[in-house]
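Engineer: Test case, fold it:
(chains A and B)
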Amino acid sequence: MISDIFLTIITMVFALMVVFSKKTVVSAFALLMTMLSIAMIYFQLGTVFLAAIQVLINAGAIAVLFIFVMMLINLEQFQNNREKGKVKLVISAITILIILGVFALIINNNIEVLAVNNIADNSMLLMFDKLFHVYYLPFEMATVLLLAALVACVVITGHEKNAKVELEGDKHE
Amino acid sequence: MSSIYYYLAGFLFCTGLLGTIFKKDLISILLCLELMMGGVSLLTVLFSRSTGVLESQLLVFFMLIVSACEVAIGLSLIIALYRKKQTIYTDDIKIITE
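Structural biologist: Prediction:
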């Protein structure tokens, strides 16, 4: 019970850091810590496989990818002279509070339905049985989706021929 | 007592939404989208635990794959935009209006 509250507070603090920190690098590290604490919550709930996947993919790959891209495009050079839209912040904060209130209302009205039941210990076995028999086609389609994303990344970020010519021209000058 | 996690999932989603509306550079917006995604997957895992339906956990598995693709393509779009316009701030990008 205490660990539940502790994990919740840690996740909330890091989530707020993602949104309200001024430097983007700090936000990225806060996102990494948020993902790690969500993984701890998964462990707490007993879904061990998802916790491991969360650490590997979300914390390990995606957060590092963010930091890598930040290093690539050198954010710091134009980060200082940006004014903040305070009216925009107030309006969006009010909207968010209304949405949060709706969430709280729904959770409060269904509190008995939402109680955590215990799943048997072989839940992971059953899950993989389902994954490789019933949901075999979606699994294969996911690999195709990953391949498509890979090709799309290469095509989007690849140099065009004109840009290459310009670069070479700059070198000769 | 673990119903506190339901509130946490809602909080994560709303915080991410706030950042998505409020932030001005594209990388931060993408970070906040990831935060929203984390909230949604936490909620899905909680539903799987409360109803005993194992398919929800598989759904989270597929959501992770889709979010990885989303981040990869989003970041490559940001890099392509930075090469073309030399900026990643939403105020400076007026491709549609100009």
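
Engineer: got the buried residues for stretch B:38-52?
Structural biologist: Buried residues in stretch B:38-52, counting neighbours by 16 or more other CB atoms under 10 Å in any protein chain shown, are found at B:38-50. Every C-beta, even on glycine, is put in place using the N, C-alpha and C of the backbone.

Engineer: and that stretch, is it in reach of chain A?
Structural biologist: Yes. Using CB under 8 Å from any CB of the partner chain, stretch B:38-52 reaches chain A at B:38, B:41-42, B:45-46, B:48-52.

Engineer: So for chain A, the centremost residue is which one?
Structural biologist: Among the residues of chain A, the one closest to the centroid is A:Asn58, at 6.1 Å (CA atoms, centre = their mean).

Engineer: That one is in contact with B:Met63, isn't it?
Structural biologist: No. Assessed by CB atoms under 8 Å, A:Asn58 is found out of contact with B:Met63, at 10.6 Å.

Engineer: Give me the number of neighbouring residues for A:Ile41.
Structural biologist: Number of residues near A:Ile41 (other CB atoms under 10 Å in any protein chain shown) recorded here: 24.

Engineer: which one's the longest helix in chain B?
Structural biologist: The longest helix of chain B (DSSP state H) is helix B:55-85.

Engineer: Confidence-wise, which helix or strand of chain A is lowest on average?
Structural biologist: In chain A, no helix or strand scores lower on mean pLDDT, DSSP states H and E than helix A:161-172, which sits at a mean of 54.

Engineer: Packing partners of the strand or helix carrying B:Ser50?
Structural biologist: Using DSSP states H and E, B:Ser50 sits in helix B:26-51. Applying 3 or more CB pairs under 8 Å, 6 or more residues apart in numbering or on different chains; DSSP states H and E, we find helix B:26-51 packed against helix A:2-20, helix A:24-45, helix A:63-73, helix B:4-22, helix B:55-85.

Engineer: Is chain B within reach of the shortest one?
Structural biologist: Yep, that's helix A:63-73 we're talking about. Yes. Judged by CB under 8 Å from any CB, helix A:63-73 and chain B are in contact via A:65-66, A:69-70, A:72-73.

Engineer: What are the buried residues along that helix?
Structural biologist: Within helix A:63-73, the residues scored as buried using 16+ other CB under 10 Å are A:63, A:66-67, A:69-70, A:73.

Engineer: Include pLDDT and distance to A:Ile107 when you put those residues into CSV, please.
Structural biologist: Below are these laid out as CSV (pLDDT from 0 to 100; distance: CB to CB, whole Å):
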residue, pLDDT, distance to A:Ile107
A:Ala63, 85, 29
A:Phe66, 89, 31
A:Ile67, 87, 34
A:Val69, 87, 36
A:Met70, 86, 36
A:Ile73, 82, 40
